[in-house]
Each structure stands twice: as structure tokens, then as C-alpha cells.
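# Generate a structure from the sequence data that follows.
(one chain, ligands or ions: 2)
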Amino acid sequence: MNKRITLLPGDGIGPEIIDQAVIILDQVAAKFGHTFKTEAKPAGGAAIDATGNPMPDSSVAACRESDAVLLGAVGGPKWDHLAGELRPEAGLLRIRKELGLFANLRPAVLYDALRNASPLRSDIAARGVDILIVRELTGGLYFGRRGRTKGASGREAFDTEMYNELEIRRIARVAFSLARERRRKVTSVDKANILDSSRLWREVVIETAADYPDVALEHMYVDNAAMQIVRDPSQFDVLLTTNMFGDILSDEASVVTGSIGMLPSAGMGETARGLYEPIHGSAPDLAGRDVANPIATILSVAMMLRHSFGLAEEARAVERAVSRVLGRIFRTADIMSPGMTLVGTRKMGGLISAEIILN
Ligand code: IPM
Ligand code: MG
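Numbers count the residues shown, from 1 in each chain. Ligands and ions are numbered 1, 2, ... in the order given. I've put the predicted structure just below:
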């Protein structure tokens, strides 16, 4: 198989973790006889410094022409003073929107080897965590009408949560379809006791569920969902929610699995071309020190192999390699626990890569 991948390393720890992901891609290519051609393009703060634009047209064009995109992370204090549409984060939103990536899959899995790194009480962790968060990615509060005005009490600002039924139906379909390959349960998270946009969300999710009679559907208010994720995460299979709620709940779910450094994600649209990225940020304080955990990005590569290239066996090989290395004594700082051996970014990438060749 011959595939083209655009890399958007971005800022902070982005370039370091992308380097490790590329080592993994090369290893998979060598072992299974594929060719993956990668090309790096500027994005985020790095792109602002180089071109004045957080997602230059040339980067967007390269992404469009490739089979998949792998992104590190964007943002940092250097660019925090910039106006909203000029910030690194605006570049990330632009590429998600331009590629039509309305579905964001964020699997939160607690590895047995990491139970000690999870902040969950041991009896709760023992029940296991295997949640697939399906986050709407190109609508809602992130993309609604917004602005700043002046009112009688001074400065005012607003953002609007807007969803239409097409947007809700298509993300709901993704959640129901994926639930069929799992434990056949969808929990739709909203705030329908307060918000009109949530009431429409719930209505359309219920209508869509009629096409999936074999999948159980429940509804949960977002405040309760935030609590249930720490009280008993084993109750969740697929968690379907909006852009804003999904952003918040995925950080919460990630730390339950031991560290935000463990969670990969896939942004998908109508075509096979996806954008894969760890859910964590650019962690400027860790940048350039060879301490960041590359696993979220490496697992994002596994998602790319599976969802964009249809290479399920190769994806499993990467995931198995990650489990095996964690099953031994190696840990990056974020998932370190007593008795384990602390390793850096490059060493962790190298260990996982070696495991792929061995098995
Ligand atoms: C994420 C991040 C992004 C988001 C930021 C960096 C724009 O927090 O992918 O979860 O809010 O979507
Ligand atoms: Mg986030």
C-alpha cells in the first residue's frame, strides 16, 4: 500500500512526539511492506512565525492532497496575546473545518498496566474503562456566531451554541454505527434541561436511534456525565456529545486512564481522509526536554492505519506494542509509578518501535 501523509508538527512538544510517530510509521511500513510518504507543513504558532498565518493555504492544500494528516499540537504563551482569529488554535479549527472533519473519535482506555497511574480508587479502576467519546467537531459553540460589543454595563462578549439537525444526525449515525462494533450502547450527553440546542440534539438523536434498534440509547446531562466518569466510568460504552462538552469530557476521561498523554484521536468526515492528533496540548513547559509521552500520538497513528487506510492488522500491531512496553517496567514521567523505570520521549518511541519488529 502506498499512502501520503501530511505532518503538522506544530508547537511545544508537537515536533518531538511527531518524530516518534514517524519512526513507528516507518517501522510498520518496513514490517508489512507498505510505503508511507510523509511531508511536514507549518501549523499553529510555528506557522504564525513563518508566515503570519496559523494555517497557511499551502498547508491546507497539502492536507487536501494527502491520504491522512497527523498533527502534533498547537499553541503556547508566545502567541497568547494575539487576537482570536490569529491564534494557533484558530489554525487547528480551520483545518478541521476545511477538511469537513465533523466526527472526532476519542477512545479512553485504561490499560491494566496503568491502573496505578490512574487517580481512580482501585476498586473503581478494577471495573475497567473503555469509553469511545464521539465528539461533534465542526459545529456548536466553537463555530457559532460570536463577537464583542459595548453595552450599558461596559464591554460585552458572546458565543452561540448552534446546531442544525443535519449536523446532529450525521454525528449520531457515527456514534450508533461504532457502538455496533462495541458493546452496543450510546450515552448521549446534553444539557436539555436548560438549552434549546440540547433539546434539538436530544430529539434528533432519538429519531436517529430508530435506525439502530439493536443499540441501547440513554441520555445524560453533562454535569451528571462529568460526575459519572469519575464515579463509575465502566458504565459507558460510546459517549456521544457536542463540540464543547466533548472537549471538556475527553480531558476528564483521559486522566482517568492514567494521563492525558495516553489519548489519541481521529477526526473523520465523509471521506477516508482523517486528521489524527493526540488530545493533549503543546505542553510548552515540557518542550525540547525529551520528557513528553509520545504514546497518544503513536496510538493516533494506529487509528490512522485503521480508519483511513483500512489496515486493521497493522493498527493492532501498534496497539499491541504499546501494551507490551507498558506491561514491562517502562514509563514516561506522566505515567510514572514507584518501582518502574523512567524513560524519555525518544526511548519510549524506540521501545515501541522495537516491539513492532519483534512481534
Ligand atoms: C482539543 C484541544 C483543542 C480543542 C484546542 C487546542 C483548540 O483542546 O483538541 O481537545 O479545544 O478542540
Ligand atoms: Mg481539549
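# can you tell if the strand or helix carrying Ile48 touches ligand 1?
Using DSSP states H and E, the secondary-structure element containing Ile48 is helix 45-51. No - contact of helix 45-51 with ligand 1 is not found when judged by CB under 6 Å from any ligand atom; the minimum separation is 11.4 Å. Heads up, the C-betas are built off the backbone N, CA and C, glycines and all.
# can you list contacts of that helix?
If you take CB atoms under 8 Å, 6 or more residues apart in numbering as the criterion, helix 45-51 is touched by 9-11, 14, 42, 53-56, 59, 74-76, 78-79, 82, 86, 88, 91, 282.
# Enumerate the positions of stretch 198-216 that are buried.
Applying a neighbour-count criterion of 16 or more other CB atoms under 10 Å, the buried positions in stretch 198-216 are Ser198, Leu200, Trp201, Arg202, Val204, Val205, Thr208, Ala209, Tyr212, Val215.
# and these, which of them are in helices?
If you go by DSSP state H, these have Ser198, Leu200, Trp201, Arg202, Val204, Val205, Thr208, Ala209 in helices.
# ok, now how distant is the closest residue to ligand 1 within the stretch 251-359 of the chain from Gly10?
Closest approach of the stretch 251-359 of the chain to ligand 1 (CB to the nearest ligand atom) occurs at Ile279, with a separation of 5.1 Å. Ile279 is 14 Å from Gly10, where distance means CB to CB, to the nearest Å.
# The two: which is more packed in?
Under the neighbour definition other CB atoms under 10 Å, Ile279 and Gly10 were set side by side, and Gly10 has more, 29 against 24.
# what residues are up against the more buried one?
Contacts here follow CB under 8 Å, 6+ apart; on that basis Gly10 touches Ala43, Gly44, Gly45, Ala46, Leu71, Gly72, Ala73, Val74, Gly75, Pro88, Ser282.
# what do you get if the cut-off is 6 Å, keeping everything else the same?
Counting by CB atoms under 6 Å, 6 or more residues apart in numbering, Gly10 makes contact with Ala43, Gly44, Gly72, Ala73, Val74.
# quick one, phi psi at it?
phi 80, psi -130 (degrees, to the nearest 10).
# could you point out the longest helix in the chain?
Of all segments of type helix in the chain, defined using DSSP H, the longest is helix 14-32.
# Export the ones in helices among the buried residues of stretch 198-216 as CSV, with columns for pLDDT and distance to ligand 1.
Supplementary listing: those in CSV, determined by pLDDT from 0 to 100; distance: CB to the nearest ligand atom, whole Å:
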residue, pLDDT, distance to ligand 1
Ser198, 98, 19
Leu200, 98, 22
Trp201, 99, 18
Arg202, 98, 23
Val204, 99, 22
Val205, 99, 21
Thr208, 98, 24
Ala209, 98, 26
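# Make a markdown table out of those and add distance to Ile357.
Written out in a markdown table, the entries for these read as follows (distance: CB to CB, whole Å):
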| residue | distance to Ile357 |
| --- | --- |
| Ser198 | 49 |
| Leu200 | 51 |
| Trp201 | 46 |
| Arg202 | 49 |
| Val204 | 47 |
| Val205 | 44 |
| Thr208 | 44 |
| Ala209 | 45 |
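# Quick check: the residue of the stretch 251-359 of the chain closest to ligand 1 is in a helix.
No - applying DSSP: H, G, I helix; E, B strand; the rest coil, one finds Ile279 to be coil, outside a helix.
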